[in-house]
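A.B. asks: 3D, please:
(chains A, B, C and D)
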Protein chains: 2
Amino acid sequence: MRRPNGPELDRDRLIAAAFAVLEQEGLDGLSMRRLATQLGVQAPALYWHVDDKAALLGMMARDIYAAAYAACPGSRDWRAWLRQFGGALRAQFAAYRDGARLCALATPAAGADPERQATNIAAPLVALGLDRPAALAFQAVVISYALGWSMFEANGPMHDFLDRMMPFDESFTIGLEAIVGGLALSGADPARAGPALG
Amino acid sequence: MRRPNGPELDRDRLIAAAFAVLEQEGLDGLSMRRLATQLGVQAPALYWHVDDKAALLGMMARDIYAAAYAACPGSRDWRAWLRQFGGALRAQFAAYRDGARLCALATPAAGADPERQATNIAAPLVALGLDRPAALAFQAVVISYALGWSMFEANGPMHDFLDRMMPFDESFTIGLEAIVGGLALSGADPARAGPALG
DNA sequence: ACCTGAACACCGTTCAAGT
DNA sequence: ACCTGAACACCGTTCAAGT
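C.D. replies: Predicted coordinates for the structure are as follows:
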């Protein structure tokens, strides 16, 4: 009905609608049937554009990660970049309802090449002087931390409970600073392999 | 049939059976109906012993956390304890299928008192010289990291993908060491609030 | 090429009814 | 007190059939 010719749906319209349903209903309420209703279509129609629900969630997760990377332009040094990245991840996870849980569930894209991905991911840190293994390991650590922390932040009853025990939200920055500071001291930092510091 | 008098079910039998189903079917396969079948009972019978599925998952998660704490006897100092605890958490999350995801979903117990819980949780670190706020914040950081990292470890396709990018499993220890080392340097360590460093 | 209708094998939870 | 039977309102996914 929208246009005389051309399809009603496409991948991008699907993903956009899925984010809308996610916001309104949460991840547990994001069903293929509800998504179809939101798009004015029957549920089986979705399977023409997407392999299955897992693939859809995977594409949504990639958008969230991509936004975090996009929020991290050039930094003075790798420590600053890592701090910025950790904060951007937390912000992105919080920007979408159940964003962290969505990203934790997500599966890598079907045709994704690990070699190529590793190069892309390492790039910003390699440009700031880290070697590739350190760049990848450090990022895995920061992502794990931000994801785990954001899971608790997004778990309503748990967050309330933790917040009555301590200033939970402030603990994120304490942890992030500690991680970045600790990584700088670790043997994995190539700057410490040289003659500079003991 | 089991006994002429007395109930067929109780809370503990329920939880034990739930862990068995979790192992066989994974978290997505752990349904109230399957759990009932495993116990030789109809699904509605479970609701006599447990409020709902979320409460059941909460009790399972508490068992997992409790095992991690039990695996951390006295240590020389708070850094050693935190390292041990981080390792024990990872081990416990990995000891149960989807253990991390289960704990991330879990909600605090209905009647849980935050004040009392905070004291219990802080105790081992306070005994080693940390003040209470630091003890709670440091533990929140380590738990967040271990949980996030374990989510990736347990996500089959994601773990395979990451492992082709880097030695993913080794990154856990790198991160844990960095966190503990970084926390020791942070302003939150009361040992550094004295005359030592600026 | 793109979508619908009908169906299959599931869910969590409620509630009257049985014992 | 403790459990069953039947039901309600859902799921993801497949597949023949329509256009």
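
A.B. asks: contacts, neighbours, all on C-alpha from now
C.D. replies: Noted.

A.B. asks: how many neighbours does the closest residue to A:His49 other than its chain neighbours have?
C.D. replies: Among residues not flanking A:His49 along the chain, A:Arg11 sits closest, at 5.9 Å (Cα to Cα, 6 or more residues apart in numbering or on different chains). For A:Arg11, the neighbour count with other Cα atoms under 10 Å in any protein chain shown is 14.

A.B. asks: what score does A:Arg11 have for pLDDT?
C.D. replies: If you check A:Arg11, the pLDDT there is 95.

A.B. asks: swap in A:Val141?
C.D. replies: On the pLDDT scale, A:Val141 gets 98.

A.B. asks: likewise for A:Asp160?
C.D. replies: For A:Asp160, pLDDT reads 96.

A.B. asks: next, the contact list for the residue positioned nearest the centre of chain A, please.
C.D. replies: The structure's chain A has its C-alpha centroid closest to A:Tyr65; by Cα atoms, centre = their mean the separation is 3.5 Å. Shown in contact with A:Tyr65 (Cα atoms under 8 Å, 6 or more residues apart in numbering or on different chains): A:89, A:92.

A.B. asks: likewise A:Arg76?
C.D. replies: A:Leu128.

A.B. asks: what about chain A, any weak spots by pLDDT?
C.D. replies: A:1-6, A:187-189, A:191-198 (pLDDT under 70).

A.B. asks: buried stuff in stretch A:125-134?
C.D. replies: A:125-126, A:128, A:130-134 (16 or more other Cα atoms under 10 Å in any protein chain shown).

A.B. asks: and which of these is nearest to DNA strand D?
C.D. replies: Ranked by distance to DNA strand D (Cα to the nearest atom of the strand), the buried residues of stretch A:125-134 are led by A:Pro133 at 35.2 Å.

A.B. asks: still on that earlier bit, go through the buried residues of stretch A:125-134 and flag which are in helices.
C.D. replies: Among the buried residues of stretch A:125-134, the ones falling in helices (DSSP state H) are A:125-126, A:132-134.

A.B. asks: contacts only, for the nearest residue to A:Leu136 once chain neighbours are set aside.
C.D. replies: Take A:Leu136 and drop its neighbours on the chain: the residue closest to it by Cα to Cα, 6+ apart is A:Ala122, 5.7 Å away. Neighbour list for A:Ala122: A:132, A:135-136 [criterion: Cα under 8 Å, 6+ apart].

A.B. asks: among those, which are in reach of DNA strand D?
C.D. replies: Among those, not one lies near DNA strand D by Cα under 7 Å from any atom of the strand.

A.B. asks: around DNA strand C, which positions in chain A sit nearby?
C.D. replies: Chain A comes close to DNA strand C at residues A:6-10, A:40-46, A:48-49, as judged by Cα under 7 Å from any atom of the strand.

A.B. asks: which of those residues are buried? Put it as a PyMOL command.
C.D. replies: To isolate the buried ones among these in PyMOL, judged by 16+ other Cα under 10 Å, type:
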select buried, chain A and resi 46
